[in-house]
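what follows is a predicted structure for the sequence shown.
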Amino acid sequence: MPFDSEEEAVRIVNDTPYGLSGAVHTADIERGVRFAKRIDTGMFHVNDGTVHDEPIVPFGGEKSSGIGRLNGDTMLDAFTTVKWISVQHGRSGFPF
C-alpha cells in the first residue's frame, strides 16, 4: 500500500483491527525504533521478519490479534496461581 509520509504510514498501519506483529527495514536504526514505538502491535521488529518467537520473550498482539501474551514469565503468570502450602510436623506451640 503506497504512502507519502511516515505520518501517513503510521496512520495506515494503526487503522486496522489487528496488531500481532510488524516490521520495518531501514538503514536508520534509531528512526526504525521511533517508528516501532508508534505502531499498535504486540511485537515489532526492526530489520527482521515479522515472525520471530523466542521462548523467553512475551509473544502476543494488540486489538483483535490475540488474547494476551505467551512465553517467559508472562506465560507463568497467565497459567499459574501462586499458592502457599505449609506443613506442620508435630504439635504447634501456642502462642507462637
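Everything's here; your move.

how close does the residue nearest the centre of the chain sit to T26?
Centre of the chain computed as the mean C-alpha position; nearest residue by CA atoms, centre = their mean is G42, 4.2 Å away. For G42, the distance to T26 equals 21 Å [CB to CB, to the nearest Å]. Every C-beta, even on glycine, is put in place using the N, C-alpha and C of the backbone.

returning to that earlier point: show the model's pLDDT score for the residue nearest to the centre of the chain.
Looking at G42, its pLDDT is 85.

cool, and H52?
66.

then I12?
You'll see I12 listed with a pLDDT of 96.

list the contacts of it.
By CB atoms under 8 Å, 6 or more residues apart in numbering, the residues touching I12 are 1, 3.

what residues does stretch 36-43 touch?
10, 13-14, 19-22, 24, 44-46, 50, 52, 58-63, 65-66, 69.

quick check: buried residues in that stretch?
Across stretch 36-43, burial judged by 16 or more other CB atoms under 10 Å covers 36, 39-43.

start to end distance for that stretch?
9 Å (CA to CA, to the nearest Å).

residue numbering should commence at 470 henceforth.
Understood, numbering begins at 470; the last thing we discussed is stretch 505-512.

please flag which of the contacts of stretch 505-512 sit within strands.
Those of the contacts of stretch 505-512 mapping onto strands are 488, 490-491, 493, 513-515, 531-532, per DSSP state E.

just the buried members of these?
Looks like these have 488, 490-491, 493, 513-515, 531 buried, using 16+ other CB under 10 Å.
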